[in-house]
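>>> Generate a structure from the sequence data that follows.
(2 chains)
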Amino acid sequence: MTNQEISKILSQTADMLEIKGENPFKIRAYRNVAKIIENSSKDFEKLVKDGFDLTKIPGIGKDLSEYIKEIVLTKKFSKLEELKKEIPVGLLEMLSIEGLGPKRVKQIYDAFGVTSLEELKKYAESGELDKLPGFGPKLIEKILKGVKQLKKAGIRFLWADVEEIAKELKEYLLDFPGVEIVEIAGSYRRKKETVGDLDILVIAKDYPKVSEYFVKFKRVKEIYSAGLTRSTVFLDNGLQVDLRAVSKESYGATLHYFTGSKAHNIEIRKLALLKGLKVNEYGVYRGDEKIAGKSEEEVYKVLGLDYIEPELRENRGEIEAAINHTLPKLIELKDLKGDLHVHTNASDGRDDIENMVKRAIELKREYIAITDHSYSLKVANGLDKERLFKHLEKIDEIQKKYPEIKIIKGAEVDILEDGSLDYDDETLEMLDIVIGSIHTKFSGDQTKRILKALEKIDILGHPTNRIINKRSEIEANWEEIFYKAKELNVVLEINSHPKRLDLTDILAKKAKEIGCKFSINSDAHSTKALEYLKYGVNQARRGWLEKKDVINALSYKELISFFKDSK
DNA sequence: GCCGTTTTCGGCCCGACTGTTTTCAGTCG
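Okay, the predicted model is just below:
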């Protein structure tokens, strides 16, 4: 059972308790633990099976510790099963409608027995809902709109898919007279792999005028609200964008607040309370006196913290590290000197070797590894090796033509179901670098398969195989894999493809703590995709990685000696 | 349900907005 699954059961229980009208703080405790488990780099199933005392983890007490054990060991949660008997599961999806929270959902259920979106729609349209106290025409309209929108909601946008529009919007707003600063906060600023909406902060002389201008942006499809300090619109692609007016004096506190994450903010506020201070979106206060707020640096400083980069603000230990001055100095795109995972039209890439190399030179890469798929150049099982020879010869030719870049001869080989590779040892010997990846048979525990493969590869490619919004991570004991990888000097890939970003931030952090090394690779299948490295860097930063953790931040010479030492 | 350098009881992050009211509950971020 994965952390995600455990977390989902707990937060579903929280939803149910909320509809039931339980003590809000009890509900918060459930949600809090659900979040902790979801964000944890520890495998909770393993913790339980190892007999680890869960109450050692802050937020988990006696009760929840037992509940988690029950969930892991029986794959069920009796408390939730009981709740389901009382409260129809259909009410949960009603919760995701904008404007409907637990109280109103309960109210509707009690009055009409409504348990599905279809029924809800019927009652809203027929005018029955108006009869409930607190349900006016505007709320009904909102509900109807919500029912319609819900179908497409829930899917978050890939960070890379909103990058362009975010830039465009920023420039558009900066063009308006009187606009001084435009900053996009929220998960976009934290470089989270997916983004739910864009939160844009503006400092401007006349906000209402800016708002008027904002809603005229060419890609705005629907204006949801346009107030004196805040406006919300939906773009033609369905993305929600919030614009907020910000004052200069509290800019830092406001930016901090809207950058989040929520969990980070809550911890910051708790810490402030301990110090006799109060933090809100306008500043840091001692009593009535405002003592900080102009800049984020100032906010952190008066709380006794080092500045925390947005990518780290997930309440994963960054606050403690900021107190102890042990925050990492995060890797940057400019630190990367090469790319160790690149495809050409020798396998499923779009462009040929020469064009890939030329583009890499333009991008100022010092080296590039050509790592086409093994299955396209298959040579094992006594097959003809002629094709692979030719491919490698071709690389040599191009190397001669472009001495300004070092071309590394490699391959991305398949890790087969039993953990063996689909190139024989003799073939592997011919390569400078071997990436091992899983491409088929994702179900079931993959630990043994990967552990075996680690013996023969240099880099473990897109380790979890997840595709964001499409395919979940494969199941494996990552801790065991990371320890083995460290022992064998196998490097873990941070695959930069916007849909992969794999390893994930959480696992990267865990692997780093174990002492693993990483390679941030584009996995480019076209010249354009060579630029994906920036997305990998985003993810690496969220995983607390520093320059020293990443082997393609090494110069070519250092890289060669790294691989020599590790063999 | 969790937690404790004021506390084993009595707190729990904090404020804005909306729509509905006539002083506020519910929802949201």
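>>> and the one helix or strand residue A:28 maps to, which residues are buried?
For residue A:28, the element it lies in under DSSP states H and E is helix A:24-39. Within helix A:24-39, the residues that qualify as buried are A:27, A:29-39, counting by 16 or more other C-beta atoms under 10 Å. Every C-beta, even on glycine, is put in place using the N, C-alpha and C of the backbone.
>>> Equivalent analysis for stretch A:281-290, please.
Residues of stretch A:281-290 classed as buried by neighbour count (16+ other C-beta under 10 Å): A:283-285, A:290.
>>> Out of those, the closest to DNA strand B would be?
Closest to DNA strand B out of the buried residues of stretch A:281-290 is residue A:285 (7.9 Å), distances taken as C-beta to the nearest atom of the strand.
>>> Then that closest one would be within a strand, right?
Yes: according to DSSP: H, G, I helix; E, B strand; the rest coil, residue A:285 belongs to a strand.
>>> That one and residue A:298: what is the separation?
13 Å (C-beta to C-beta, to the nearest Å).
>>> How far does stretch A:343-359 stretch from one end to the other?
13 Å (C-alpha to C-alpha, to the nearest Å).
>>> Any idea how far it is from the middle of the chain?
If you compare the mean C-alpha spot of stretch A:343-359 with that of the full chain, they lie 29 Å apart, counting by C-alpha atoms, centre = their mean, to the nearest Å.
>>> Let me see the domain layout of chain A.
Split into domains by automatic domain parsing, chain A comes to A:3-150, A:157-246, A:254-323, A:333-566.
>>> Adding mean pLDDT, write these out as TSV.
Listed next are those as TSV, based on pLDDT from 0 to 100:
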stretch	mean pLDDT
domain A:3-150	86
domain A:157-246	88
domain A:254-323	91
domain A:333-566	91
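>>> Now for the closest residue to DNA strand B within the stretch 1-150 of chain A: which residues touch it?
Relative to DNA strand B, the nearest point of the stretch 1-150 of chain A is residue A:136 (1.6 Å; C-beta to the nearest atom of the strand). Shown here is residue A:136, whose contacts under the criterion C-beta atoms under 8 Å, 6 or more residues apart in numbering are residue A:130.
>>> again, only this time at 6 Å
Not one residue lies near residue A:136 by C-beta atoms under 6 Å, 6 or more residues apart in numbering.
>>> how close does it sit to residue A:130?
Residue A:136 sits 7 Å away from residue A:130 when distances are taken as C-beta to C-beta.
>>> How about residue A:214, nearest residue that isn't a chain neighbour?
If the residues on either side of it in the chain are set aside, residue A:214 comes closest to residue A:243, at 5.1 Å by C-beta to C-beta, 6 or more residues apart in numbering.
>>> Equivalent analysis for residue A:172, please.
Of all residues apart from its sequence neighbours, residue A:217 sits closest to residue A:172 (C-beta to C-beta, 6+ apart), at 5.7 Å.
>>> how many neighbours does that neighbour have?
Residues near residue A:217, counting by other C-beta atoms under 10 Å, number 16.
>>> Show me which residues of the stretch 251-400 of chain A sit near DNA strand B.
Applying C-beta under 7 Å from any atom of the strand, we find that the stretch 251-400 of chain A lies next to DNA strand B at A:258, A:262, A:265-266, A:269-270, A:273, A:278-281.
>>> ranking those residues by neighbours, who comes first?
Counting neighbours by other C-beta under 10 Å, residue A:279 comes out on top of those with 24 neighbours.
>>> Make sure that residue is indeed in a strand.
Yes: secondary structure of residue A:279, determined by three-state DSSP: located in a strand.
>>> Spatially nearest residue to the residue nearest to the spatial centre of chain A (excluding sequence neighbours)?
For chain A, the residue sitting closest to the mean C-alpha position, by C-alpha atoms, centre = their mean, is residue A:193 at 3.6 Å. Nearest residue to residue A:193, sequence neighbours excluded (C-beta to C-beta, 6+ apart): residue A:501, at 4.8 Å.
>>> same thing with residue A:540?
Spatial nearest neighbour of residue A:540, chain neighbours left out: residue A:494 (5.0 Å); criterion: C-beta to C-beta, 6+ apart.
>>> hey, what's the one you found bridged with?
Beta-bridge partners of residue A:494, counted by DSSP bridges, are residue A:520.
>>> next one: residue A:460
Residue A:460 forms beta bridges with residue A:436, residue A:492, as assigned by DSSP bridges.
>>> since we're on it, how many residues are nearby?
By the measure other C-beta under 10 Å, the count of residues near residue A:460 is 24.
>>> Please apply the same query to residue A:547.
15.
>>> and what of residue A:131?
Residue A:131 has 10 neighbours, counted by other C-beta under 10 Å.
>>> which residues sit in contact with it?
In this structure, residue A:131 makes contact with no residue, judged by C-beta under 6 Å, 6+ apart.
>>> any idea how far it is from residue A:275?
The value you get for residue A:131 to residue A:275, if C-beta to C-beta is used, is 50 Å.
>>> Also residue A:362?
Taking C-beta to C-beta, one finds residue A:362 at 51 Å from residue A:275.
>>> Quick check on those two: which one has the bigger neighbour count.
Between residue A:362 and residue A:275, counting by other C-beta under 10 Å, residue A:275 is the more crowded of the two (13 against 10).
>>> which stretch of helix or strand covers the residue nearest to residue A:514 when sequence neighbours are not counted?
Beyond its immediate neighbours in the sequence, the residue positioned closest to residue A:514 (C-beta to C-beta, 6+ apart) is residue A:482, lying 4.5 Å away. Secondary-structure assignment from DSSP H and E places residue A:482 in helix A:478-487.
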